[in-house]
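Participant: Pasting a predicted model and its sequence here:
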Amino acid sequence: MICVLRDEGDTAALGRRLAQVCPIRAVIWLHGPLGAGKTTLVRGFLRGLGYHGTVKSPTYTLIEPYDSGGHRVFHLDLYRISHPAELDNLGLRELQDDRAVVLVEWPERGVGALPPADLSLELEYQGTMRRVIVRPLTSTGNELAKAVPGFRAA
């Protein structure tokens, strides 16, 4: 499935919509080059849960936890990771919590150490806009993908 996002507002809106339909537990992987909108989507997701604080990219901290809207959310940015073994000391066991939503930027750098994705979103540049390739990988991912307006078969 493919979704076209005209601007940063559309990217945040997609994140908000995903949050509105997200179950208590889900893992969403966010792929894409620098500046493609991954953190903007996470910010929208957290706003969709009612979080009003600062949402920063965890590029240096690697993981930022949030509690909002009855959800425990972990935002990971693995850009600086060169090998999945570097994640051993992060306490990733918490990510297996039955009541956690995990949003992972650059998940390909943590393969084998991360929980498997329910939904994979690949953000790509398309001129001044963004194209999102949506890949549901589980039944939870299917429900998330179906619930987002604007998704359509490629």
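Facilitator: Nice, I can see it. Residues are numbered from 1 along each chain as shown.
Participant: Could you pull up phi and psi at the nearest residue to Gly112 once chain neighbours are set aside?
Facilitator: Closest residue in space to Gly112, ignoring its immediate chain neighbours: Pro84 at 4.9 Å, by C-beta to C-beta, 6 or more residues apart in numbering. Glycine gets a C-beta too; all of them are placed from N, C-alpha and C. Geometry field for Pro84 lists phi and psi as phi -60, psi -30, criterion degrees, to the nearest 10.
Participant: which ones are touching Pro84?
Facilitator: Pro84 sits next to Arg109, Gly110, Val111, Gly112, Ala113, Leu114 when contact means C-beta atoms under 8 Å, 6 or more residues apart in numbering.
Participant: And these, which of them are buried?
Facilitator: Arg109, Gly110, Ala113, Leu114 (16 or more other C-beta atoms under 10 Å).
Participant: Export those as CSV, with columns for secondary structure and distance to Asp67.
Facilitator: Written out in CSV, the entries for these read as follows (DSSP: H, G, I helix; E, B strand; the rest coil; distance: C-beta to C-beta, whole Å):
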residue, secondary structure, distance to Asp67
Arg109, helix, 26
Gly110, helix, 23
Ala113, coil, 24
Leu114, coil, 21
